[in-house]
Structures are given as C-alpha cells and as structure tokens.
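Engineer: How does the following fold in three dimensions:
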Amino acid sequence: MKKRTLALLMAALMVLGLLSACGGAAPDAAAAPASEAAPAEEAAEPEAAAPAGEIETADASAAEGSAAEEAEEPEEKGEFVAAPAELPVAEGARFSYFVELPGYMSMFNVNSYSDVPAWAKAVEMTGVDMDFTIVNMESLQTTFSLMAASGDFTDMIAGASSQYSSTEQMMEDGAAIDLMEYKDQMPNYWNVLDYYDDYKTVAITQDGYMPEAITIADDYRVQGGLQIRKDWLDDMGAELPTTFDELHDVLLAFTNDYGADHALLLTGSTQMQGSALVGGFGSCGFEGADTTANMFVMDGEVKNGFTVDGYKDYLEMLAQWFSEGIIARDFATESNDPWTSNADRYISSGNAGVWTSQSDNMDSNQMTGQDLNPDFKIAPMAQITLDGEKFHFADSSVGANAMGKNVSITEDCEDVDTALAWLDFWYTDEGIKLANYGIEGESWEYNAEGKPELTDLVLNNDQFPMISFATTYYTLACVPTLQDYHRQDRAYTEANLAAMELWTETADDLYTLPSQVELTSDENSEYSVLWSDIATYAATEVFKFVMGEYNFDEDWDNFIGQIEDMGLQDCIDIYQGAYDRYVEAYGV
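Structural biologist: Numbers count the residues shown, from 1 in each chain. Sure, this is the predicted structure:
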C-alpha cells in the first residue's frame with residue numbers, strides 16, 4: 001500500500017511526453033530525458049513493427065550492410081558497433097559542470113550526481129571528476145540567467161541551448177564553443193552521429209556550428225496518447241471509437257449512463273495534450289497563453305493553428321459537446337499544469353471517460369481506479385482523424401525521445417582537450433554501457449543473447465516508487481550518450497508496450513514543425529512581441545466560443561480579424577522564413 005500511495009503522489013512528477021503540440025520551443029534544443037499494477041486492457045494487436053536496432057558491444061561483429069533489392073531503396077545498415085574506450089581519459093582532471101538534477105532525488109539522499117553509485121565508477125574509469133552546480137526544474141532558469149549575466153560560466157553546461165532562443169546568442173555569450181572545430185578529437189561521437197545521421201540536423205545548426213554534444217536515441221516511438229474507460233465500453237457492447245461521431249456517442253453515454261462529469265477530460269485548455277483530436281481536423285490548434293507558437297507545416301507551407309478551417313470545425317464540435325455535458329462546466333478554470341495531477345485524480349475516481357496520458361500511467365491509474373471499482377479497465381485508443389488516415393502531429397521522430405543531456409563546453413574552460421576527450425568517452429562501448437545501465441554486476445548484466453540488461457535492482461526496487469527514479473539513481477542521466485531506448489522494456493506490461501506500438505503505428509510527424517527550425521535573435525525579438533499579445537488575447541476568446549458566449553456565425557470572423565490585425569501573418573512569415581532556411585540548410 002505504501003508503494004501504491006507513493007506512486008500516486010509521484011505521478012505528477014512525470015512530464016507528459018505525449019504527441020507534440022505545435023512547433024515553437026527553443027528550436028535549437030533537442031528534446032532532453034511501472035510500478036506493479038493489474039495489467040491494463042491490452043490494445044487490439046497492431047501489425048508487428050520492425051525490430052529496433054540494439055546497441056552492440058565492442059566485441060561483437062557488426063552485420064554486413066546489404067543493398068536493397070530495389071535500386072531506389074537505401075542500403076541497409078548493419079548493427080551499430082561502439083568502439084572500445086582508451087582509458088583513462090586523464091589523470092586527476094577536474095571540471096566545473098552546470099546540470100539539472102530532478103528535485104525528487106533528494107528523497108533518496110541524492111543532492112548531486114556525485115551521490116549516485118555510477119559516478120564513482122565513472123571517475124575511476126576516466127580519471128575525471130566534476131564540481132557540480134546542481135539546479136532543479138524550479139531554479140534552473142533563474143540560476144542560469146544569473147550565471148550568464150555574470151559572464152562567469154562553468155567549464156561545461158548541460159542544456160544551455162534550452163535557455164537561449166538562438167545558437168547565435170548562446171555562442172556569442174560564451175556558453176558554448178564550436179565542437180565542429182574539434183571534430184578530429186571526438187571520433188567516437190562522430191562514429192555514433194554518422195550512423196544515426198538523421199541526428200545531424202539536431203547536432204549541427206543551419207550555419208554549420210555544433211554547440212553541444214547531444215544525446216542520441218537508438219529508436220523512436222510515441223509514448224503517450226488517447227486512453228479510454230474500456231470497462232464502460234464493454235458494458236455498452238461498443239467497440240473502440242474510430243470516428244468523431246462514434247466518439248461523440250460513446251462520450252454521451254459515459255456522461256448520461258456512467259456519471260462521468262469529465263467524459264472528455266479537458267483541464268484549463270480547449271484541447272488535449274499534444275494536439276489530440278484537434279490534429280484530426282488538420283490543425284495543431286492552440287493550447288493556451290503559454291503556447292510559444294501554434295505553427296505547423298503542410299507541403300512546405302507554414303500554417304497557423306487558428307486560421308485553417310479545421311480549427312473552427314473542431315471548436316464547433318467542442319461547443320456542441322460542452323452543451324451536452326460531455327465536457328465539464330468548469331473545465332476552463334481547472335489547472336492544466338501536469339504537476340497538479342488533476343488528470344490522474346479525475347481518471348482514477350471514475351469521473352473521466354477519455355483522456356491523454358503516457359502508457360505507463362495506465363497501470364497506476366487502473367490500479368487506483370480498481371480500489372473503488374474492481375471492474376475498472378483502461379485501453380489505449382488510436383488518434384481519430386476526419387479522413388481515417390494517420391495522425392500527422394506526433395513528436396518529431398528525431399530527438400523527441402532522447403532523454404539524456406546535451407552538453408556544451410564553454411569559453412571559460414581552460415582544458416578544452418581533456419573536456420573533449422571526456423565527452424567523447426560517453427560514445428564508446430564502455431561509456432554507453434555506464435551511462436545507460438550503470439555498474440556491471442549490480443544494476444546490469446548480460447542476458448542470454450549477450451546484450452546488456454538492467455537487473456531487478458533497477459526495474460523492481462521497492463525503494464523507488466517509479467522506474468525513472470531508479471534509473472536516475474543507478475545510471476548516469478547527467479551525460480550525453482547513445483541512449484538504449486528499450487532498456488526499460490522489461491518493466492513495461494504487455495499492455496504498455498502494445499499501447500505505444502498502437503500510437504506509433506497510427507501517427508507520424510508529417511505536419512509537425514521540426515524542432516530544428518530556428519529563429520534568429522532579431523526574428524525572435526520581433527516574434528515574441530507580436531505573439532505575446534496574440535496568445536494572451538486568444539487564450540480568453542477561444543473559451544468563449546466553446547462555452548457558448550460567442551456565436552460562430554457572428555463572432556468567428558471578428559476573432560480571426562483581430563488576431564490578424566495584431567500581426568499574425570507577420571508571425572507566420574517569420575516562421576516560414578526560418579523553415580525555408582532549415583530546408584535549404586539540411587536539404588530535407
């Protein structure tokens with residue numbers, strides 16, 4: 001019971017890595033990083049996905065790449081082989097290092113990465129130690145801003161690009177040197193980058209700079225999506241809805257027959273996480289005043305979520321559903337902050353019918369729901385689209401699931417050569433294993449196939465209420481590396497894995513604005529002024545359409561006209577120019 005309670009309390013600490021909303025985070029930054037439960041209802045089994053590549057150990061032979069049968073198909077790659085490390089990197093070297101540590105780790109007496117077991121092993125192997133400047137999510141921005149203002153940077157910084165609107169400003173401030181100038185000194189990093197070459201659009205800027213050594217994930221999948229009360233659906237004798245009309249009928253029954261006052265769970269926003277549902281109308285929509293840009297791209301043209309016809313159609317559908325009680329009367333005033341865990345509270349109490357969440361939350365929510373109702377079951381749903389085709393607003397398939405750090409060497413570093421060698425170590429066979437799995441014989445061992453595999457010390461440790469806590473403790477989340485994306489798969493239930501497979505196979509990132517689309521400093525300054533006013537205004541207005549205060553026939557054109565007068569087209573043009581530069585630079 002203690003473990004169950006802790007799991008529920010900590011669930012709020014998970015940032016929902018769901019389907020991408022719209023473009024517009026600091027574009028130069030790559031996206032940074034199951035308790036026991038009754039297994040959730042499994043998804044209808046989708047077609048088998050192609051097996052993901054695994055990180056091969058140095059003493060294994062790489063499979064020979066074979067030419068495709070069709071001339072137009074690219075040559076197949078063999079398995080990736082990481083080179084062995086040359087150790088030690090240095091003798092007694094020491095650097096200063098600015099890095100974020102999740103605040104929850106203090107519960108386990110971890111206040112610095114030097115407190116985790118694998119760090120001592122890293123120092124022993126490399127001969128390099130760090131003086132950490134540790135920040136948490138709440139203090140990160142303020143502490144970094146003070147450091148930048150002083151002009152006195154640590155030798156290395158994890159995540160500096162996330163604090164800047166442009167690489168140009170980051171390098172001008174001295175928060176990063178250009179790693180492209182030291183390519184020959186990072187052979188192992190380039191070994192990884194050449195194999196996973198899609199990541200070059202993340203690692204190398206449009207101007208040819210490389211400000212950070214980045215974490216590269218060896219696979220991709222959508223980790224979250226739509227979920228539904230399967231026990232209610234079964235009781236109705238209904239199938240999973242695949243059209244908006246079917247979804248309406250199911251939600252109305254959940255409202256009227258099962259007492260769900262949040263049949264469609266919306267909190268503080270007129271849409272669900274990651275453009276769910278609204279993306280089925282061909283728009284990324286608008287998630288609220290904090291949205292940095294509701295832009296997407298279709299056939300090379302940057303579009304805005306407000307002005308495509310599908311967004312109005314989506315809001316009209318919501319307005320009808322609101323009038324029927326499918327959406328809670330107070331949804332507009334509810335917090336949509338994931339740290340408040342409002343969603344989990346409504347789901348497990350039996351007040352929600354359809355929502356978005358990560359796959360591993362299915363188990364914890366179902367477990368809690370079964371405390372009140374033993375028949376409580378959750379199942380994943382595919383995204384619904386008007387044309388019945390794939391959902392095109394998933395996270396970018398390059399970088400979205402890489403969960404490690406991206407690290408820069410600053411101009412204040414006096415021993416760049418050793419810093420480069422230390423970063424390069426994390427892309428060797430030994431470095432990849434240490435970063436991903438921790439210490440051999442404790443947190444990992446080789447399985448029957450000769451592959452590294454996390455042990456129950458990580459995957460089934462009652463000290464840690466969530467797997468993410470255990471991996472932060474036993475592995476090294478503070479370094480850039482090649483991430484084994486499937487290292488935790490043994491901890492997932494079959495239902496978790498089936499859910500992610502379903503969401504991945506029924507969605508892609510065709511319309512998602514690539515995260516590498518970067519505004520210049522001047523563009524960002526102009527855009528920020530315009531967009532701030534537009535977003536603030538729109539955040540209040542869209543609620544009024546859904547809640548019936550505005551009439552679509554009479555007021556919609558006025559709303560669009562107002563945001564256009566506030567400079568919406570200028571915002572679109574700025575992003576179009578940035579996207580065109582991206583296409584030209586990377587030849588995509």
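
Engineer: Please enumerate the strands of the stretch 401-550 of the chain.
Structural biologist: Assigned by DSSP state E, counting those that start in this stretch, the strands in the stretch 401-550 of the chain fall at 407-409, 444-446, 452-454, 482-483.

Engineer: so what does the first one touch, helix or strand wise?
Structural biologist: Using 3 or more CB pairs under 8 Å, 6 or more residues apart in numbering; DSSP states H and E, the elements in contact with strand 407-409 are strand 156-158, helix 416-425. (Each C-beta comes from the backbone N, C-alpha and C, glycine too.)

Engineer: How far off centre is that strand?
Structural biologist: 21 Å (CA atoms, centre = their mean, to the nearest Å).

Engineer: residues in contact with it?
Structural biologist: 155-158, 160-161, 170, 175-177, 179, 211-213, 416, 419-420, 423, 479-480 (CB atoms under 8 Å, 6 or more residues apart in numbering).

Engineer: Let's test this: mean pLDDT of it, rounded?
Structural biologist: What strand 407-409 shows for mean pLDDT is 98.

Engineer: What of the third one?
Structural biologist: Mean pLDDT, computed over strand 452-454, is 96.

Engineer: partner strands of that strand, parallel or antiparallel?
Structural biologist: Sheet partners assigned to strand 452-454 using DSSP bridges are listed as strand 444-446 (antiparallel).

Engineer: got the buried residues for the strand it pairs with?
Structural biologist: By neighbour count on 16 or more other CB atoms under 10 Å, the buried set for strand 444-446 is residue 444.

Engineer: With stretch 142-156 instead?
Structural biologist: Under 16+ other CB under 10 Å, the buried positions of stretch 142-156 are 143, 144, 147, 148, 153, 154, 155, 156.

Engineer: Tell me the confidence at residue 41?
Structural biologist: pLDDT recorded at residue 41 is 42.

Engineer: wait, what's in contact with residue 179?
Structural biologist: 186, 210, 211, 212, 213, 409, 420.

Engineer: With residue 463 instead?
Structural biologist: 108, 470.

Engineer: can you pull out the strands in the stretch 51-200 of the chain?
Structural biologist: 93-100, 128-135, 156-158.

Engineer: May I see the ones you listed organised as CSV, with distance to residue 528 and mean pLDDT added?
Structural biologist: Converted to CSV, these look like this (distance: least, CB to CB, whole Å; pLDDT from 0 to 100):
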stretch, distance to residue 528, mean pLDDT
strand 93-100, 24, 98
strand 128-135, 24, 98
strand 156-158, 23, 98
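
Engineer: For those, give me CSV that also has distance to residue 374.
Structural biologist: Listed next are the strands of the stretch 51-200 of the chain as CSV, based on distance: least, CB to CB, whole Å:
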stretch, distance to residue 374
strand 93-100, 41
strand 128-135, 44
strand 156-158, 46
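
Engineer: about what we covered before: kindly compare burial across the strands of the stretch 401-550 of the chain and name the winner.
Structural biologist: strand 407-409 (a mean of 28; mean count of other CB atoms under 10 Å).

Engineer: on that earlier part again, could you point out the member of the contacts of residue 179 that lies closest to residue 280?
Structural biologist: For the contacts of residue 179, the closest approach to residue 280 (CB to CB) belongs to residue 212, at 35.6 Å.

Engineer: Look up the closest residue to the closest one, ignoring the ones flanking it.
Structural biologist: Leaving aside its chain neighbours, residue 212 sits nearest to residue 406 (4.2 Å; criterion: CB to CB, 6 or more residues apart in numbering).

Engineer: any idea how far the nearest residue in space to residue 166 that is not next to it in sequence lies from residue 212?
Structural biologist: The shortest distance from residue 166 to any residue other than its chain neighbours is 5.0 Å, reached at residue 521 (CB to CB, 6+ apart). Counting by CB to CB, to the nearest Å, the separation of residue 521 from residue 212 is 18 Å.

Engineer: What of residue 276?
Structural biologist: For residue 276, the distance to residue 212 - CB to CB - is 31 Å.

Engineer: More neighbours: which of those two?
Structural biologist: Using other CB atoms under 10 Å as the criterion, residue 276 and residue 212 rank with residue 212 on top: 29 against 25.

Engineer: Relative to residue 484, how far out is that one?
Structural biologist: For residue 212, the distance to residue 484 equals 20 Å [CB to CB].

Engineer: same question, residue 199
Structural biologist: Applying CB to CB to residue 199 and residue 484 gives a distance of 15 Å.

Engineer: Between these two, tell me which one has more neighbours.
Structural biologist: Neighbours were tallied for residue 199 and for residue 484 using other CB under 10 Å; the higher tally belongs to residue 484 (25 against 21).

Engineer: Distance of the closest residue to the more buried one other than its chain neighbours relative to residue 398?
Structural biologist: Counting by CB to CB, 6+ apart, residue 484 lies nearest to residue 436, which is 4.7 Å off, once chain neighbours are set aside. Distance check for residue 436 against residue 398: by CB to CB, it reads 19 Å.

Engineer: try residue 465
Structural biologist: Residue 465 is 32 Å from residue 398, where distance means CB to CB.

Engineer: Now the terminal residues of stretch 195-208, how far apart.
Structural biologist: In stretch 195-208, first residue to last residue: 19 Å (CA to CA, to the nearest Å).

Engineer: So for that stretch, what gets flagged as buried?
Structural biologist: By 16+ other CB under 10 Å, the buried positions in stretch 195-208 come out as 195, 196, 199, 200, 201, 202, 203, 204, 205, 206.

Engineer: Check the model's average confidence along stretch 292-301 for me.
Structural biologist: Mean pLDDT, taken over the full extent of stretch 292-301, equals 92.

Engineer: Any idea how far apart the tips of it sit?
Structural biologist: 19 Å.

Engineer: Check the offset of it from the chain's centre.
Structural biologist: That offset, for stretch 292-301, works out to 19 Å (CA atoms, centre = their mean).
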